[in-house]
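> Fold the following and give me the result.
(one chain, ligands or ions: 1)
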Amino acid sequence: MQTFEYSRPTTIDQSIQAAARAKTAQQYADIRFVAGGTTLVDLMKLDVERPNQLVDINGLPLDQIQPAPGGGLVIGALARNAVVAHHAVVQRDYPVLSEALLSGASPQLRNMATTGGNLLQRTRCVYFRDTAHACNKREPDTGCSAIGGHNRMLAILGTSKNCIATNPSDQNVALTALEATIQVQGTKGKRSIPIAEFYLKPGNTPHRETVLDPGDLIVSVTLPPLEPGTRSHYLKLRDRAAYEFALTSAAVVVNVNSGKIKKAHVALGGVGTVPWRSHEAEHVLQGQTANAATFRKAAEAAMKDAQPASENGFKVELAKRCLVRALTVTTQTA
Ligand code: SF4
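Below is the predicted model of the structure:
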C-alpha cells in the first residue's frame, strides 16, 4: 500500500506553499493537487500515479464564473464541468464549450470534474493505465507498447516515435478553438498562458505534458470576447453515444458574413497528442464562400500531415467528415 500525506488548505498561498515544501524535482513530482479526483484517484488506484503528498484544493475560492474585466468570461479552476456546461453565458456565447463538456463522461463525473482538472486530464491509452506494460509516458525510456500494439483510439497528429497517445479531453478542444488563456499561480508568481502554448507534444519527453512547473496551480481560465455574429459548435464522433471518448471531434468557432467566412477557428480532438488547432484548415476557410467544397478543402488541409498507426488509419477520413459536418451545421444556423 502506498501511503501519502493529505492536506486541505483554504487559501491559494497556502496551497502553493504546501507544494513548495518539496525541495527536489522528484519531491515536486510526487505532489499532486486534487480537486474532483476523477482522473487522479483512478490512476492512484491503478498504481499509475503514486504521489507522496496530496493537496486537496476543494476549499479554495476558485469556483466562480464571472465576466472578465475587458469582456469575455473568467471560469474558476474549481468550477465543475456540469456547472460550466449549464451556465447561461456559456450556453449563449460559447456553445462550443457547453456542448463539448456535455459530450464528455457521465453526469456523475461532470458533477465532480473541474475546469482545471479537465485541463490536466491524462491519456486513456490502455498501456499507460496498465503498469504491466512498457510506457514512456508513465516511465521515461521504457518503450511504447502502443506502437505496434493496440492503437485504434490513439493519435494520428503530433505523434513521435516515443508516444502516440491522444489528449482525451473534449473541454480542451473547445478551449483551443476559443483561444482561451490559462491563469496559473506558483512559487514564481502569477502568469497567463495561452492554451496554444500550454500543451507539449510528446517528442522525446512524453512524460512532460504541459508547460506547468512543479507546484504551479491553475486558478482560472479566461474566454475572450467573441465578435458579434460568431457561432460555434462541437461535434464528437465515438463508438457509442454516451460515456465514451472521441474517435474524432471538431470544435469550430466561425463568423460568416453574407456567405463569406470572415473568421474561423478550428480545433480537433481524438486525433492529436494535444488538443489540435488546425491553422491549415483555418487558412483554407478564411475569406472563402461557406459551402461544402470549401469545407472539404479545409478538412483535407487539416489532415494532410496525419500519420496513422497500424489500427487507426480510419481516423483520417472520419476526422475530415467530422470537420465538414461541424462546419456545415455551424454555418447553416448563421
Ligand atoms: Fe505510453 Fe504513449 Fe506509448 Fe501509450 S502511446 S504506451 S501513453 S508511450
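> What residues of stretch 132-152 count as buried?
Buried residues in stretch 132-152, counted by 16 or more other Cβ atoms under 10 Å: 133, 135, 136, 137, 138, 144, 145, 146, 147, 149, 151. For every residue, glycine as well, the C-beta is placed using N, CA and C.
> nearest spatial neighbour of the fourth one, skipping sequence neighbours?
Leaving aside its sequence neighbours, residue 137 sits nearest to residue 206 (Cβ to Cβ, 6 or more residues apart in numbering; 4.3 Å).
> Give me the distance between that neighbour and residue 308.
Applying Cβ to Cβ, to the nearest Å, the value for residue 206 to residue 308 is 18 Å.
> Same drill for these two, tell me which one is more crowded.
More crowded of residue 206 and residue 308, by other Cβ atoms under 10 Å: residue 206, with 25 against 19.
> May I have the residues that are in contact with the more buried one?
Residue 206 sits next to 136, 137, 140, 160, 162, 163, 165 when contact means Cβ atoms under 8 Å, 6 or more residues apart in numbering.
> is it fair to say residue 137 lies in a strand?
No. Secondary structure of residue 137 (DSSP: H, G, I helix; E, B strand; the rest coil): coil, not part of a strand.
> State the distance from it to the ligand.
Using Cβ to the nearest ligand atom, to the nearest Å, we find residue 137 at a distance of 4 Å from the ligand.
> Residue 95 too?
For residue 95, the distance to the ligand - Cβ to the nearest ligand atom - is 32 Å.
> so what's that residue up against?
231, 232, 233, 234.
> Skip the chain neighbours and tell me the closest residue to the second one.
What sits nearest to residue 232 in space, not counting adjacent residues and going by Cβ to Cβ, 6+ apart, is residue 96, at 3.6 Å.
> Identify the residues contacting the one you found.
Contacts of residue 96 by Cβ under 8 Å, 6+ apart are 174, 177, 178, 232, 233, 234, 251, 252, 253.
> do that again at 6 Å, thanks
Neighbouring residues of residue 96 by Cβ atoms under 6 Å, 6 or more residues apart in numbering: 174, 232, 233, 234, 251.
> What is the three-state secondary structure of it?
Relying on three-state DSSP, one would call residue 96 helix.
> For the chain, just list every one of the helices.
Listed in chain order, the helices of the chain (DSSP state H) span 12-20, 25-29, 40-45, 81-86, 88-93, 95-102, 107-112, 115-119, 171-177, 279-285, 292-302, 314-332.
> from those helices, which stretch is densest packed?
Highest mean neighbour count of these: helix 171-177, a mean of 29 (counted as mean count of other Cβ atoms under 10 Å).
> residues in contact with the spatially most central residue of the chain?
Central residue check for the chain by Cα atoms, centre = their mean: the C-alpha nearest the mean position is that of residue 172, 2.7 Å away. By Cβ under 6 Å, 6+ apart, residue 172 lies in contact with residue 275.
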